Structures are given as structure tokens and as C-alpha cells.
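Enquirer: Requesting a structural model of the entry that follows:
(one chain, ligands or ions: 1)
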Amino acid sequence: MVYDRRPDNMVRITTPELADKFIEEQLEALREQIGDKKVLLALSGGVDSSVVAAMLIKAIGDKLTCVHVNHGLLRKGEPEQVIEVFKNQMKANLIYVDATDRFLDKLAGVTDPEKKRMIIGGEFIEVFAEEARKLDGIDFLAQGTIWPDILESEAGIKAHHNAGGLPEDMKFELVEPVKILFKDEVRIVGERLGLPAGMVYRQPFPGPGLGVRCPGAITRDRLEAVRESDAILREEFAKNGLEGKVWQYFTVVPDFKSTGVKDGKRTFDWPCIIRAINTTDVMEVTVEHLSDDLIDHLVKRIISEVPGINRVLFDYTPKPPATVEYE
Ligand code: XMP
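Expert: Numbering: from 1, shown residues only. Okay, here's the model as predicted:
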């Protein structure tokens, strides 16, 4: 049965057995709902869309087409992981679109944070719609809507970010197989569907991606500095047992330069800011204090491995007054 709302008496999915039961029921319901028809999914590589993809691959196989749009603002290794997991391992019907140039060209010289977000969101829909138009006979659009999305949109806190957005001429029926689940339940279900733990337990990552961590006008070299420093930070957090313990951590490379010295020569490069935070509801956020040794090690690695960086700073500001992201 396809539920429209979470039943009041639904037991919270906390064990593999409960997840397996949910999966079994949903696979049957999905096969019944979809029949012989075709489904399209925008697969970002985030937890929710990945779990929806894994579920639909099990339910309807190649009647699902996934489109992964790389907007050039993903973290290091992310598009590769999506291709490896879904195309190579799960044999999904996956269309990969590298739209990096398109996005970065549109973003060139744009400094206003809201304008940047609008360009990224608008261009995403355009690229996705272009791919969808190339396909024949699609009836359903799958979405990774989860229960808190519904509750928040009903409470007027935020617009339901998944629904709609596509041009008027593209009307699909929706398939939302994790719509009645809380995030922690989605993760257990994802694990049981065979997704790697690194994918289902990953930290939150904003839709506009590294674009909001490259404040001001995005340039390719500064974006690369954000991507490389973020990869180092994630690697060191994993090595030091902080992965999965700290709620969110990332780097930001602001658009100003300062003087430094390297091998006896003057440098004039960007700083790299480290942000590491904990929270339960993201309304209030505390800062995770790192050990001196870890900070020292991060400074050494980032300075020596990331071109264009000559200084590393740590952001000690809670929310409020600072938001988590810089834009
Ligand atoms: P802020 O910066 O508002 O961030 O304190 C709160 C949390 O939301 C994430 N975030 C986003 N997530 N699309 C998303 O899906 C976005 O545009 C977006 N902006 C911020 C942020 O990473 C943090 O976890």
C-alpha cells in the first residue's frame, strides 16, 4: 500500500528487521503503483535520492532512469561515487551529465549570494528538464521527499523543496517511496538496500554545494582550493574518529589574499577557513573544538597540498549569530 501520510501508530524503524519489513512492503506497493510504466529520478548522491534510487532499482530495474547532474560544485569524488555505486554496482540506468562549464560560465562574476543560489537552482532544473525531454514515455517522477519535509511545509516553515520546479509542460505523477520516513529511518533502509555506509551516513551538504563555500564570485582556481581542502579535512576527520561524531565540517576559501612567505619567497594567497559544528536542529549550533595536534596537522597539510592557500583559520562562531554556511 502506498501511504500518503505516516500512520499515527507506525513503529519507528530502528532495526534491520523493521527496515527489511518496510522495504518488502514498499517494493510490492511500488510495483503495483508503477506497473509497466517508466520513472525518472534526479539523483544527487545525497542520502534521500540515493535511497529512493536503490529502492526503485530493486522494484522496477531498468524502468527507472536516473539523471545525475554534476553542477561542478560537488565535493571531491562525489560524481565518481554515484557512477560507481549506481551504474557499476547496482546496474542502474544512469545518465551522467557533466554540466560544470555551463554552471561556472553562468556564475562567472556573480557576487550576490542569493543570485548565485538562484542561478544554481534554476540551471539545475533546466539541465534536468533538457535530459527528461530527450526521454520517451516517462510517466512518473521519483522524489526523495521525507516526512519532516511534509511537516515543515505544512507548518509553513519552508516550502516543500522537492515538489515542483519543473517547467509547466512537464507534468509527471509523483513516486515518493520514503515520504513517511524520518531521516534516521531513511539511513537504516538505505543500508539494508546495500548502499555504502559513507553514502547513507554522510553529513548534510547544501544543494548549491561548494558554491556557498566559495564566497563572492566563483573562480575555478578558488573553487578547486575549496574542494581540495574539504577533501583533506574529511580525510583527517575520518582518520581521527570524528566522522559520524561531528555533525558537519567543511572548509571555506574567502575572496581575499594576504601576504605570506614560502621557501624564502613572498606569497600572496587566500586563507582557508575550517568550520566544524554540532547541532540537533540546525537552529542553534555549537562549535566542535579540535585538538591542537589535529589543528597543527591540518594547517600543515592544507598549506602544503592546496595550491593558492597560505593561511589556515578556524571559525569559533556559534549559530546564532553566524549561520552554518557562509552564503
Ligand atoms: P545555515 O547556513 O542556514 O545552514 O545555518 C543550516 C543547514 O542547512 C544546510 N543548508 C542547505 N541545505 N540547501 C540545502 O539542502 C541549501 O540551500 C542549504 N543552505 C544551507 C547547511 O549545510 C546546514 O546544514
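
Enquirer: And for the helix or strand where residue 80 lies, what's in contact with it?
Expert: Using DSSP states H and E, residue 80 falls within helix 78-82. Helix 78-82 has contacts (CB atoms under 8 Å, 6 or more residues apart in numbering) with 43, 45, 50, 68, 70, 94, 96, 98, 196, 198-199. Where you see a C-beta, it was placed from the backbone N, CA and C, and this is true even at glycine.

Enquirer: got the buried residues for it?
Expert: For helix 78-82, burial by neighbour count (16 or more other CB atoms under 10 Å) applies to 78-79, 81-82.

Enquirer: got it, and stretch 4-14?
Expert: Neighbour count says stretch 4-14 has residue 13 buried, by 16+ other CB under 10 Å.

Enquirer: Can you measure across it, start residue to end residue?
Expert: 21 Å (CA to CA, to the nearest Å).

Enquirer: Off-centre distance for it?
Expert: 26 Å (CA atoms, centre = their mean, to the nearest Å).

Enquirer: and it, what's its mean pLDDT?
Expert: Averaged over stretch 4-14, pLDDT sits at 95.

Enquirer: which outside residues touch it?
Expert: Contacts for stretch 4-14 (CB under 8 Å, 6+ apart): 18-19, 22, 147, 150, 179-182, 184-185, 188-189.

Enquirer: Tell me the one of the buried residues of helix 78-82 nearest residue 259?
Expert: Looking at the buried residues of helix 78-82 and their distance to residue 259, the nearest is residue 78, at 34.1 Å (CB to CB).

Enquirer: Tell me the confidence at the closest one?
Expert: For residue 78, the pLDDT comes out at 97.

Enquirer: Enumerate the positions of stretch 36-51 that are buried.
Expert: For stretch 36-51, burial by neighbour count (16+ other CB under 10 Å) applies to 38-51.

Enquirer: Make CSV out of those and add pLDDT, secondary structure and distance to the ligand.
Expert: Below are the buried residues of stretch 36-51 laid out as CSV (pLDDT from 0 to 100; DSSP: H, G, I helix; E, B strand; the rest coil; distance: CB to the nearest ligand atom, whole Å):
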residue, pLDDT, secondary structure, distance to the ligand
38, 97, strand, 27
39, 97, strand, 23
40, 97, strand, 21
41, 97, strand, 17
42, 96, strand, 13
43, 97, coil, 15
44, 95, coil, 9
45, 95, coil, 13
46, 95, coil, 8
47, 96, helix, 11
48, 96, helix, 10
49, 97, helix, 11
50, 98, helix, 14
51, 98, helix, 16
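
Enquirer: following the strand ranked longest in the chain, which helix or strand comes up?
Expert: For the chain, the strand with the greatest residue count under DSSP state E is strand 265-279. Using DSSP H and E, the next helix or strand after strand 265-279 towards the C-terminus is strand 285-287.

Enquirer: my guess is residue 58 meets residue 26, correct?
Expert: No: assessed by CB atoms under 8 Å, residue 58 is found out of contact with residue 26, at 9.3 Å.

Enquirer: quick one, helices of the stretch 51-200 of the chain?
Expert: Secondary structure of the stretch 51-200 of the chain (DSSP state H, counting those that start in this stretch): helices at 78-82, 100-107, 113-134, 147-154, 183-192, 197-200.

Enquirer: The stretch 201-327 of the chain too?
Expert: With helices called from DSSP H, counting those that start in this stretch, the stretch 201-327 of the chain shows them at 220-239, 292-305.

Enquirer: Any chance of JSON lines for those helices, columns mean neighbour count?
Expert: Output for these, formatted as JSON lines (neighbours: other CB atoms under 10 Å):
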{"stretch": "helix 220-239", "mean neighbour count": "19"}
{"stretch": "helix 292-305", "mean neighbour count": "14"}
